[in-house]
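**Student:** model the structure of this input:
(3 chains)
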Amino acid sequence: MPAYATNMRLKFPILALILEIITIILFAVFVDYDDGKGHGHDSHSNSSETHHEEKPMDLYPMFQDVHVMIFIGFGFLMTFLKRYGFSSVGINLLLAAFGLQWGLLMQGVWHLVDGKIKINIFKIINADFSTATVLISFGAVLGKTSPVQLLIMTILEITIFSINEHLVATVLEANDVGASMIIHAYGAYFGLAVARVLYRPGLRNGHENEGSVYHSDLFAMIGTVFLWMFWPSFNSAIADPGLTQLTAVINTYLSLAACVLSAYAISSLVEHKGKLDMVHIQNATLAGGVAVGTCADMNIGPFGAMLIGLVAGIISTLGFKFLSPILASSVGIQDTCGVHNLHGMPGILGGLAGPSHSSQILYILTYTHQGDPVMQAAALASSLGFALVGGAVTGFIMKLPFWGQPPDQNCYDDSLYWEVPEEEDENEESLAHADHSKNKAEV
Amino acid sequence: MPAYATNMRLKFPILALILEIITIILFAVFVDYDDGKGHGHDSHSNSSETHHEEKPMDLYPMFQDVHVMIFIGFGFLMTFLKRYGFSSVGINLLLAAFGLQWGLLMQGVWHLVDGKIKINIFKIINADFSTATVLISFGAVLGKTSPVQLLIMTILEITIFSINEHLVATVLEANDVGASMIIHAYGAYFGLAVARVLYRPGLRNGHENEGSVYHSDLFAMIGTVFLWMFWPSFNSAIADPGLTQLTAVINTYLSLAACVLSAYAISSLVEHKGKLDMVHIQNATLAGGVAVGTCADMNIGPFGAMLIGLVAGIISTLGFKFLSPILASSVGIQDTCGVHNLHGMPGILGGLAGPSHSSQILYILTYTHQGDPVMQAAALASSLGFALVGGAVTGFIMKLPFWGQPPDQNCYDDSLYWEVPEEEDENEESLAHADHSKNKAEV
Amino acid sequence: MPAYATNMRLKFPILALILEIITIILFAVFVDYDDGKGHGHDSHSNSSETHHEEKPMDLYPMFQDVHVMIFIGFGFLMTFLKRYGFSSVGINLLLAAFGLQWGLLMQGVWHLVDGKIKINIFKIINADFSTATVLISFGAVLGKTSPVQLLIMTILEITIFSINEHLVATVLEANDVGASMIIHAYGAYFGLAVARVLYRPGLRNGHENEGSVYHSDLFAMIGTVFLWMFWPSFNSAIADPGLTQLTAVINTYLSLAACVLSAYAISSLVEHKGKLDMVHIQNATLAGGVAVGTCADMNIGPFGAMLIGLVAGIISTLGFKFLSPILASSVGIQDTCGVHNLHGMPGILGGLAGPSHSSQILYILTYTHQGDPVMQAAALASSLGFALVGGAVTGFIMKLPFWGQPPDQNCYDDSLYWEVPEEEDENEESLAHADHSKNKAEV
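**Tutor:** Numbering: from 1, shown residues only, chains lettered A, B, ... in the order given. As a prediction, the model looks like this:
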């Protein structure tokens, strides 16, 4: 199998170090601290164009909440696989750590001040946001890609994201405070396009490692709950200070609460004997945060937020149960974490639930008054277009045979790229002589 | 066993969806965003009656700390059981997500402004607080109740809580800033009353699943440590801003620190060979936060807070060791998590250590100057009365035979209400052919 | 083996209770709440000598971030050992809970106001900092010491730390805002000196329990990621408010991001087949936070911070791979957690990368303008001197034969000091009759 040069010894360290050194050089040339003079015009949402922090550290607690979502939330959410926890939380850290540096550059070039990108808390929140797109796409290809492939995806996805973000916020002047469209839908469909290009017929009938064990599901719940708790910060961090920010917090808080009830209800309804399924609980409970994103800072009414959450939880759970198997079998999209159900469909729902009068779904929209529906629709189309085309191109680049992609039989297995401790359960050893097996590692 | 209709397929989804839809309708009629005009009169503590947030988001970091306690803290604290982690963290999420919506309504009806409940950060902190009572009671009946029973308990317990809270804060005008009485003692005795009604003679000699494994005890420590760290936020979140809030933080911080030392010391003293017991460490280290609650914002002196913590750690640990077995064997109260030791007795200690001059235990009380001791005593009595009567009534309703209560042999076992992954340890399979057993799930 | 009186039944409870009661008495005499009048002159960094909080609670979110690092971060980082998780997170809680009380006293005596130590948020942040030194040293001796020995180490290490801190901040007037020297280097070399004195020839060839299992490595990543995320708060918490604090946040954020890339690259470069090693990822990714500490609040340029992080990640990973084995075999320092690589060398790098014009490594230093290089060098020398001498003396005291030190064969094993649950995997039992073995506990 010459196509599977999975030894990372040279290619990964060289790529990682070169990327970091190039980034440092670019920072030396282009980046400086924000001295508080002349900033405030960098955002992906025109509602924030007029954003001014009153003090340099005012947004810092919000930033830390978002930071926890990126590194603990996304990282642990993906640890549900029985033998892929090291990669989930470890590669998540790698991609986000590089992505936030790259995002600072890519987002910053649109807003130079005296030829410099001036870093402040607002900028590093947005940098964290840009990495979220990559981490969402990572979920779609989880277990089937090498660290080298994923670093390449990080560069390309964040670069394209920054173009779309600039287009949506500055040219179309659309509202997307919680980024349903430009982060969630974009990240999901980008990842799904990559997954389509990287389709593996050999995994059509599943893989023995593509499942959870009891404790891996509990680790994943750490990610779920931190994402769930801090999502109000995600959707409000770059909102206008004061009552608008409060509105974004309350709408997100309520949408997520309602979403929990509908996700649990539908999970029980569709599963054997009315049991709850951990995949639904870990993911669909969060769909309310995604779906309320675009209109989080609007006056949709507390009950409107709850309705959005209720619908999102239903759609997301049904997607996991019925749509994902179809996507895998008929469309050739093997979506490991089901990002289509958590970020894709709820992200589109969010885009539609935003100030689009053409939407027939939610009567709440009569309450909204912000945003030109044509521009909102254009923003959604732009995000999906950049995602699908960008993801497909990225997928073809990632498919080149020298990036160390794992062979089918080693998918969903940390031991290809990580030193995995051997289990030393002496009881088992005394029984079975342990047959020196990596299989024990998941215990 | 016709009494055990544990299939949730219809009853759980229908109940969950109906509750959520009713709640949304009530929100549509009664709830609106706080526009900053005319609020500030909603609290369970008269010291907060005059509370005014200076900016809408000032309390948001405090809220997030409390949020983490509710969803990570309580959720993971209960994962100590070897086969009940999904339910602990998952049903905790369900009950709290519904409870905070219900709590917003029940607490809000006492403080309508223009016929509306106006939501702000202060209100959602209090809504989180209201769910804490349910999560404490959940600990008392953990492993022995169905999701349907627990949703019913949530509605009733929060409704009764809101009545008692209003009585204590508005009528009696008692102090309970950290809610030793109205949350901790109330939640504990409510749960104990439910547990008494639901007494299971078949579990008199224990149950094979009523214990921990090594990693489940570590998951539980995630809950313990987050509760321990953020308890100063719990006790100070609704205190008067400024120095009063600072006092509440410092008293709670010091009480908890002292409590750790006494809990460890007593655990070692009473256990075989001076070893530490994880049950004590996971729970009794938190008793200082409960016990200092009522007087957290008073000038009890830093050393006074530490004395309260020292005593609480001792009482709580001794309770786990000596009192819980007696309660189970002689009084018929099978208190799974020992909430009597963590919330019950320390909550009463807190009520007494508040501004009650009749207390003989703590000489520090000469320092206090707030609160009428008669009213404080009445507040404690009211909280215990509502808890015991409300819990008993709730217990009888929960005992009705069609809520899907688990049979004795399936207690403390996630697999009754959850899809639990089968362990796929191939080593074992090759040896034993895995006898298709759910027993492997806890590894 | 009369030297190994590991039964803690009397000595541990008596020591813990006596220490706590003495501490409470000292608090009753010396400690009071800060009433906001006349404070602000307590810090280990002269840049903070002029620090004034505008409101009593302004620093509270920063404090909570540091609190999470101390209790979750350090606690879970050390859970990587397969059978030592209870001790890692549990004894971490014990030492930190006592240490913060002792630190308040020891740091406070240098800054009495009217004969009193006035507690505020700034003081409790510093108290948390003082415990960090102990938790770092704990890492060096992890698995080889009793709780009694560690309580003794806590008292002595914090006492000596407070003297050195006062010397560095007030006498030498050196800059060390992020405490590279006075916390990280001090804590590491103190612990290494203790480890040297407690050298165990019997562990020269390793120990069967000195390793991880799959899930223990994941628990450790909880610690790693929380430390990584909140390190900007650690390095900026006591910086001057406003732009200086922002600079400290940004420098730390960027240094850590760059450090991740170099740690991953070097780990892959030096490991078999280019695989990543969890020990490196858990630890070396944090070295950037340590190394940027001293100069975090200086104008070193964003790219300067990234260079420091890049170098720190390289040095730290190489230290784990090549230096630690040499220290163990040739110098007699068995450094369980590799604190020399995470805190020792990066701490010295931080001290040198501070405003020391004599440093030849980093050309960025031309940008710095703060701090007298002679005094900075003296501060580093002082920190190392106090650490090595203090650690050696402490080590000899800890080596006295009646503190319950574990025998070699019981090292790295919770079951000596904790009640450890027996595994009840019925599958295995039915196969092997489970030979009632504590060995199963790590599954």
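**Student:** which stretches of chain A form strands?
**Tutor:** With DSSP state E, the ranges of strands along chain A come out as A:31-33, A:117-119, A:418-419.
**Student:** just put those in TSV and tack on mean pLDDT, distance to chain B and mean neighbour count.
**Tutor:** No exception for glycine: its C-beta is placed from N, CA and C like everyone else's. Converted to TSV, the strands of chain A look like this (pLDDT from 0 to 100; distance: least, Cβ to the nearest Cβ, whole Å; neighbours: other Cβ atoms under 10 Å in any protein chain shown):
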stretch	mean pLDDT	distance to chain B	mean neighbour count
strand A:31-33	97	24	20
strand A:117-119	97	22	23
strand A:418-419	96	19	22
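**Student:** distance to C:Gly191 for the ones you listed - can I get that in TSV?
**Tutor:** Below are these laid out as TSV (distance: least, Cβ to Cβ, whole Å):
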stretch	distance to C:Gly191
strand A:31-33	35
strand A:117-119	35
strand A:418-419	26
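**Student:** mind checking which of those is nearest B:Leu10?
**Tutor:** Of all the strands of chain A, strand A:418-419 sits nearest to B:Leu10, with 45.1 Å by Cβ to Cβ.
**Student:** show me which residues of the stretch 201-350 of chain A are close to chain C?
**Tutor:** A:215, A:219, A:222 (Cβ under 8 Å from any Cβ of the partner chain).
**Student:** confidence score at the first one?
**Tutor:** Per-residue confidence (pLDDT) for A:His215: 96.
**Student:** tell me which residues touch it, please.
**Tutor:** Contact partners of A:His215, counting by Cβ atoms under 8 Å, 6 or more residues apart in numbering or on different chains, are B:85, B:215, B:219, B:443, C:215.
**Student:** mind checking which of those are in helices?
**Tutor:** B:85, B:215, B:219, C:215 (DSSP state H).
**Student:** on that earlier part again, which of the contacts of A:His215 sit farthest apart?
**Tutor:** B:Phe219 and B:Val443, at 13.9 Å, using Cβ to Cβ across the contacts of A:His215.
**Student:** more crowded one of the two?
**Tutor:** B:Phe219 (26 against 23; other Cβ atoms under 10 Å in any protein chain shown).
**Student:** wait, the more buried one sits on B:Gly75?
**Tutor:** No: using Cβ atoms under 8 Å, B:Phe219 is not in contact with B:Gly75, being 9.8 Å away.
**Student:** ok, now which ones touch A:Val73?
**Tutor:** One thing to correct before we go on: residue A:73 is Gly, not Val. So A:Gly73 contacts A:223-224, A:226-227, A:230 (Cβ under 8 Å, 6+ apart).
**Student:** out of the ones in helices among the contacts of A:His215, which is nearest to C:Leu342?
**Tutor:** Nearest to C:Leu342 among the ones in helices among the contacts of A:His215, with distances taken as Cβ to Cβ, is C:His215, at 22.1 Å.
**Student:** just give me the neighbour total for the closest residue to A:Ile72 other than its chain neighbours.
**Tutor:** The spatially closest residue to A:Ile72, leaving aside those adjacent along the chain, is A:Phe226, at 4.9 Å (Cβ to Cβ, 6 or more residues apart in numbering or on different chains). Using other Cβ under 10 Å, A:Phe226 has 23 neighbouring residues.
**Student:** got the contact list for A:Phe226?
**Tutor:** A:68-69, A:72-73, A:76, B:72.
**Student:** would JSON lines of those residues with pLDDT be doable?
**Tutor:** Converted to JSON lines, these look like this (pLDDT from 0 to 100):
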{"residue": "A:Val68", "pLDDT": "98"}
{"residue": "A:Met69", "pLDDT": "98"}
{"residue": "A:Ile72", "pLDDT": "98"}
{"residue": "A:Gly73", "pLDDT": "98"}
{"residue": "A:Phe76", "pLDDT": "98"}
{"residue": "B:Ile72", "pLDDT": "98"}
